[in-house]
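Q: Structure of the sequence below:
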Amino acid sequence: MSNSDLFQGYKGKALEVLKKYNVRVWGQAEINTTRGAFKGTVLPRSENDDEFHIVLKVITGYNIGIDVNNITSMTETGFKKANYAIPEKEFPYTKGLPSVKLFGTGGTIASRLDYRTGAVIPAFSPGELYGAVPELADICNLETEKIFAVFSENMGPAQYIALAKAIGKEIEKGTDGIVIGHGTDTLHHTGAALTFMCQNLPVPVVLVGSQRSSDRPSSDAALNLMHAMKTAGESDIAEVLVCMFGPTSDEYGLLHKGTRVRKMHSSYRSTFRTIGDTPVAMVSRDKITPIKKTYNKRRSDKDVVIKPYFSDKVTMLYYYTGMKPDTIDLLVEAGYKGIIFVGTGLGHVNKELYPAIERAQKAGVHMYMTLQTIWGYVHMFVYDTGRDMMAKGIIPAGNMLPEVAYIKLGWALGQTDDPEEVKRIMLTPINDEITEREPYNGYLVYQGGVPEVEDFIRRVHK
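A: Model (predicted):
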């Protein structure tokens with residue numbers, strides 16, 4: 001074994017300490033420090049990390065960094081090089097269970113930690129997911145297909161179109177439901193795209209991901225997968241749904257419409273929230289409990305309508321105070337045909353942008369207004385600013401979420417460039433991307449520290 005294999009990624013002072021005490025990477029070690037004693041497995045370091053820490057995977061499964069300046073002694077008590085690969089298994093067939101197709105696209109639900117770089121990388125094929133979550137065999141008869149192996153930030157129009165076509169073909173084969181493993185960062189973008197591209201669904205199409213990778217003790221990957229498979233196989237909700245944790249605990253998942261959901265926290269397992277409405281349903285390993293009374297119901301036919309269109313000459317412009325006209329002019333010069341404004345308040349931008357907006361209108365750019373507030377409706381009749389912008393060609397998009405409006409405009413312009421037809425498509429709801437009203441419990445944002453909120457948290461949970 002070469003020296004580099006013994007001390008993968010370590011350099012400088014950390015490498016000196018490992019050599020001094022004859023402790024190798026993948027060695028089980030007892031480390032005494034000025035801050036206490038630790039036991040665990042020495043892990044490789046990222047090639048780009050500093051030279052002053054040794055990484056130890058402790059018995060709980062978490063990784064900790066130990067400052068080499070605090071180490072007083074180290075002893076290697078054993079050695080076993082870890083293998084984080086999960087072998088693929090052929091999924092068993094059980095008569096009477098529903099048939100579900102899992103499309104793999106990548107993301108944290110299908111990934112592992114690369115200790116060489118310290119990054120989470122797409123690595124698990126869909127077949128390996130069964131090896132990791134054997135409980136899936138009790139829920140459905142599963143077929144898997146790896147469509148992509150990318151992080152969700154690399155998903156885009158080409159992937160949306162490929163997924164929509166794959167969904168159409170799978171429904172024609174007679175599957176009982178479809179699950180799509182997807183990274184969480186842009187999962188809601190894909191949910192919106194597939195809602196528009198896959199209409200009149202006879203079966204559920206469920207997007208699922210995880211906030212924490214499969215090698216972490218707190219990973220939500222397995223439970224999210226079980227919930228998604230149960231939804232796809234058994235639910236009567238024939239829509240594009242996002243299935244993720246409800247609370248931060250393991251109690252239940254929530255099913256969100258693909259057009260009304262948003263990722264709202266960078267790391268919480270309960271990051272996804274329905275905005276301006278309630279989730280469609282709750283799901284646990286035992287049952288599916290509807291929350292909404294009306295939704296598109298499962299059918300026995302195969303009459304799905306696939307509309308795989310998208311123009312990538314669309315952008316989303318988040319307004320900020322002091323924005324200059326050349327921001328818009330440059331987009332027009334670059335050939336963009338659609339702009340989703342994300343405006344302040346009821347849907348406003350500054351007057352300095354007016355000449356550029358007029359130039360964009362004359363150039364045939366389709367412009368729609370959404371809100372930075374996330375919740376609520378665009379109301380451009382209230383103030384002169386809004387009226388002025390409508391006169392210059394900006395169309396209010398109701399309570400459509402900014403990302404959803406961006407996806408829908410790209411989808412609309414993939415079909416037509418006629419302003420009236422684009423407007424008709426944009427303002428005609430397909431699955432609640434615009435609603436007549438928001439329910440009283442569609443906006444719940446409470447502040448910590450307030451007595452009644454603190455009492456609620458103590459009595460219930462996050």
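
Q: Now do the residue nearest to the spatial centre of the chain against Gly253, distance only.
A: Residue closest to the average C-alpha location in the chain (C-alpha atoms, centre = their mean): Thr184, at 1.9 Å. Going from Thr184 to Gly253 by C-beta to C-beta, to the nearest Å gives 13 Å. Every residue, glycine included, has its C-beta placed from N, CA and C.

Q: can you list residues touching both of these two?
A: By the contact definition C-beta atoms under 8 Å, 6 or more residues apart in numbering, Thr184 and Gly253 are jointly contacted by Met244.

Q: need the strands for the stretch 201-350 of the chain, in chain order.
A: For the stretch 201-350 of the chain, the strands defined by DSSP state E, counting those that start in this stretch cover 205-208, 240-245, 253-257, 261-263, 272-274, 281-283, 288-290, 305-306, 314-318, 338-343.

Q: a markdown table please, covering the ones you listed and showing distance to Ala158 and mean neighbour count.
A: Output for the strands of the stretch 201-350 of the chain, formatted as a markdown table (distance: least, C-beta to C-beta, whole Å; neighbours: other C-beta atoms under 10 Å):
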| stretch | distance to Ala158 | mean neighbour count |
| --- | --- | --- |
| strand 205-208 | 17 | 29 |
| strand 240-245 | 19 | 28 |
| strand 253-257 | 24 | 28 |
| strand 261-263 | 22 | 23 |
| strand 272-274 | 24 | 23 |
| strand 281-283 | 31 | 22 |
| strand 288-290 | 33 | 15 |
| strand 305-306 | 15 | 14 |
| strand 314-318 | 15 | 18 |
| strand 338-343 | 18 | 25 |
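
Q: could I get these as JSON lines with mean pLDDT and distance to Lys57?
A: JSON lines is the format used below for those (pLDDT from 0 to 100; distance: least, C-beta to C-beta, whole Å):
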{"stretch": "strand 205-208", "mean pLDDT": "97", "distance to Lys57": "27"}
{"stretch": "strand 240-245", "mean pLDDT": "96", "distance to Lys57": "25"}
{"stretch": "strand 253-257", "mean pLDDT": "98", "distance to Lys57": "28"}
{"stretch": "strand 261-263", "mean pLDDT": "97", "distance to Lys57": "28"}
{"stretch": "strand 272-274", "mean pLDDT": "97", "distance to Lys57": "29"}
{"stretch": "strand 281-283", "mean pLDDT": "98", "distance to Lys57": "32"}
{"stretch": "strand 288-290", "mean pLDDT": "97", "distance to Lys57": "37"}
{"stretch": "strand 305-306", "mean pLDDT": "98", "distance to Lys57": "46"}
{"stretch": "strand 314-318", "mean pLDDT": "98", "distance to Lys57": "40"}
{"stretch": "strand 338-343", "mean pLDDT": "98", "distance to Lys57": "42"}
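
Q: Dump those strands into JSON lines; add distance to Glu454 as well.
A: Shown next, in JSON lines, are those (distance: least, C-beta to C-beta, whole Å):
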{"stretch": "strand 205-208", "distance to Glu454": "33"}
{"stretch": "strand 240-245", "distance to Glu454": "23"}
{"stretch": "strand 253-257", "distance to Glu454": "24"}
{"stretch": "strand 261-263", "distance to Glu454": "26"}
{"stretch": "strand 272-274", "distance to Glu454": "21"}
{"stretch": "strand 281-283", "distance to Glu454": "25"}
{"stretch": "strand 288-290", "distance to Glu454": "28"}
{"stretch": "strand 305-306", "distance to Glu454": "49"}
{"stretch": "strand 314-318", "distance to Glu454": "34"}
{"stretch": "strand 338-343", "distance to Glu454": "33"}
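
Q: Confirm that Gly96 sits in a helix.
A: No - assigned with DSSP: H, G, I helix; E, B strand; the rest coil, Gly96 falls outside any helix and is coil.

Q: any idea how far it is from Gly233?
A: 11 Å.

Q: Flag the shaky bits of the stretch 1-150 of the chain, pLDDT-wise.
A: Across the stretch 1-150 of the chain, the ranges flagged by pLDDT under 70 are 1-5, 46-48, 82-89, 107-108, 110-127, 129.

Q: ok, and the closest non-adjacent residue to Arg430?
A: No, residue 430 isn't Arg; it's Ile. Nearest non-adjacent residue to Ile430, counting by C-beta to C-beta, 6 or more residues apart in numbering: Phe196, 5.9 Å away.
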